[in-house]
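>>> Next one to model:
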Amino acid sequence: MMHRTLAAFGAGLIGLCVTTGAVAQNVTELEVTLSTSATASGLSNVLDQLMGVENASLSGVNATRLRTLASPFSGTASDDPRIMDASALMALPTPRGGEGWRCLTEALYFEARGEPVEGQYAVAEVILNRVDHANYPDSICGVINQGTGRQFACQFTYTCDGRPEEIGDENAWHRLGHIARIMIDGAPRDLTAGATHYHADFVNPQWASLYPMTADIGIHHFYRQQY
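Below you'll find the model as predicted:
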């Protein structure tokens, strides 16, 4: 196990040197595959050498590039390979999933089907962020249906506005079903900076003054609950 782990560690550092183009020629002089019979002092010496190579490699990368590599995605939908446009989503096979997937797809359909694709991903982020937040139910359906049955006292308006929930746009359902599947399957949530709330730009709920706004996508403003 130690042999495998340390070898992988050394290989990762070598990859960094090759990627940056700095002091790569020195890497071949190091023995990075260690056996369990190595003494403590020998292990320490090799790790010191590896760290020296890493530091030398990083010194060859300018500060702006390092900040870029370490920063979360902050571009547009076309820059992010996770976010497909409508035609790419439509080209995928029929989406399928369990109860949580259906709840999320329905929420996206009734809350965001008229939004740009980034806005649809963003609403999915909010719902999944709530699932992970201590103040909300720990399931997708639980989050979406919180307060349902009390008119205009629910968390997502479509569940308590008194209107029937009819799905008539099959193409929208197809696209949003894939967005729900992609997000449930673990796509990074980096469009809204951890948002737990959103509202349309033509309303001004009281809670909006309590939380910092983290994103503005389509007609929705996004906010993060801090406690």
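>>> pLDDT on the one helix or strand residue 173 maps to, on average?
Assessed by DSSP states H and E, residue 173 sits inside helix 170-184. When pLDDT is averaged over helix 170-184, the result is 97.
>>> buried stuff in the helix or strand just after that helix?
Downstream of helix 170-184, the next assigned helix or strand under DSSP H and E is strand 197-200. By neighbour count with 16 or more other Cβ atoms under 10 Å, strand 197-200 contains the buried residues 197-199. Bear in mind the C-beta positions are built from the backbone N, C-alpha and C, glycine included.
>>> of those residues, closest to residue 127?
residue 198 (10.0 Å; Cβ to Cβ).
>>> tell me what the helix holding residue 173 is packed against?
helix 86-90, helix 99-112, helix 117-132 (3 or more Cβ pairs under 8 Å, 6 or more residues apart in numbering; DSSP states H and E).
>>> hey, which of those helices is tucked in deepest?
helix 117-132 (a mean of 23; mean count of other Cβ atoms under 10 Å).
>>> outside of the very next helix or strand once past that helix, which residues touch it?
Scanning forward in sequence from helix 117-132 by DSSP H and E, the next helix or strand is helix 140-144. Under the criterion Cβ atoms under 8 Å, 6 or more residues apart in numbering, residues 99-101, 103-104, 106-107, 127-128, 130-131, 136-137, 155-156, 159, 184 lie in contact with helix 140-144.
>>> Serialize the helices and strands packed on helix 170-184 to TSV and add fields for distance to residue 219 and mean pLDDT.
Shown next, in TSV, are these (distance: least, Cβ to Cβ, whole Å; pLDDT from 0 to 100):
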stretch	distance to residue 219	mean pLDDT
helix 86-90	17	92
helix 99-112	9	97
helix 117-132	8	96
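>>> okay if I get those helices as CSV plus distance to residue 217?
Output for the helices and strands packed on helix 170-184, formatted as CSV (distance: least, Cβ to Cβ, whole Å):
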stretch, distance to residue 217
helix 86-90, 16
helix 99-112, 10
helix 117-132, 5
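>>> out of these, nearest to residue 218?
helix 117-132 (3.5 Å).
>>> Using CSV, list the CA coordinates for that closest one.
The C-alpha trace of helix 117-132 is given here as CSV (Å, rounded to 0.1, in the frame of the first residue of the first chain):
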residue,chain,number,x,y,z
VAL,A,117,-29.8,27.0,-19.5
GLU,A,118,-27.4,28.5,-16.9
GLY,A,119,-30.5,29.6,-14.9
GLN,A,120,-31.9,26.1,-15.0
TYR,A,121,-28.7,24.6,-13.7
ALA,A,122,-28.6,27.4,-11.1
VAL,A,123,-32.1,26.5,-9.7
ALA,A,124,-31.0,22.9,-9.5
GLU,A,125,-28.0,24.0,-7.5
VAL,A,126,-30.2,25.9,-5.0
ILE,A,127,-32.3,22.8,-4.4
LEU,A,128,-29.3,20.5,-3.9
ASN,A,129,-27.6,23.1,-1.7
ARG,A,130,-30.7,23.0,0.5
VAL,A,131,-30.5,19.2,0.7
ASP,A,132,-27.0,19.6,2.1
